[in-house]
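return a 3D structure for these sequence lines:
(one chain, ligands or ions: 1)
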Amino acid sequence: MLNLVLFGPPGAGKGTQSAMLVEKYKLIHLSTGDLLRGEIAAGTELGLEAKKLMDQGILVPDAVVIGMIGSKLKQNPNAGGFIFDGFPRTVAQAEALDLLLASSNTSISGMLALVVEEEELVARLLNRGKDSGRSDDQDENIIRNRIQEYNAKTAPLADFYTNQGKYKAIKGVGKIEEITSALNEAIAAL
Ligand code: ADP
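Numbers count the residues shown, from 1 in each chain. Below you'll find the model as predicted:
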């Protein structure tokens, strides 16, 4: 089973690259951001609570996203593999994911980290905000909060996966196809 964590700050291109990888390796794409926006669109209680945090660029509680991922894994018992996009975002989430996968006798194959510097991220997100319809892409302060949350809580996961020998950094700037090729090479070497 190929289970990939696609890692990187907001605006690094995780969504774009996930789409390519899903197609090529026939993986199930699990994006906690997309799942949360689905809850918001459906008007659920969980969605309403999450929206308050997301609109400030703050992470939603670990238990919420771990629960969502756990039920998606259960719903897909015969999957050939998963690509996790925007999850895990904290060490607690990464530990929970390891346990969830272990209980299905599988594990993370590798973590692919897209590296992009901060000013490029802000520019990309403001540009995406023009047509994404996402309220958290519209305001530079919210964008900077998201990057700050990433640096404080998510960036330490690079060490978590390095310690497991699973971390691979990939330059996230350049042509989309070049980045896809670099990801494919990293996957071939897993
Ligand atoms: P981006 O990576 O561009 O910020 P996402 O769609 O991954 O976009 O996330 C949007 C927001 O959803 C985050 O700012 C956060 O509030 C919430 N979120 C998404 N995934 C998680 C997660 N794994 N843990 C906590 N909060 C999350």
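
whichever residue of the chain sits closest to the ligand: what secondary structure?
Closest residue of the chain to the ligand, Cβ to the nearest ligand atom: residue 33 (1.8 Å). Any C-beta I mention is one placed from the backbone N, CA and C, and that applies to glycine too. Secondary structure, DSSP: H, G, I helix; E, B strand; the rest coil: residue 33 is helix.

mind listing what it touches?
Shown in contact with residue 33 (Cβ atoms under 8 Å, 6 or more residues apart in numbering): 85, 86.

per-residue confidence for it?
Reported pLDDT at residue 33 in the predicted model: 97.

can you list the residues of this protein near the ligand?
Residues of the chain that fall close to the ligand, judged by Cβ under 6 Å from any ligand atom: 10-11, 32-33, 36, 53-54, 57-60, 65, 86-87, 89, 93, 136, 146.

run the last query once more with 5 Å
Within the chain, the positions adjacent to the ligand are 10, 32, 33, 54, 59, 60, 65, 86, 87, 89, 146 by Cβ under 5 Å from any ligand atom.

the fourth one and residue 79, how far apart?
Applying Cβ to Cβ, to the nearest Å, one obtains 27 Å for the distance of residue 54 from residue 79.

ok, the two, which is more surrounded?
Neighbours were counted for residue 54 and for residue 79 using other Cβ atoms under 10 Å; residue 54 has more, 21 against 18.

how about the more buried one, what does it touch?
Counting by Cβ under 8 Å, 6+ apart, residue 54 touches 36, 40, 60, 136.

my guess is the last one contacts residue 146. True?
Yes - assessed by Cβ atoms under 8 Å, residue 136 is found in contact with residue 146 at 6.7 Å.

now list whatever residues contact both of these two.
residue 57.

nearest the geometric middle of the chain, what residue?
residue 86 (1.6 Å; Cα atoms, centre = their mean).

and the helices in this protein?
Taking DSSP state H as the test, the helices found in the chain are 14-25, 32-42, 45-54, 62-75, 91-102, 118-132, 140-149, 157-163, 176-188.
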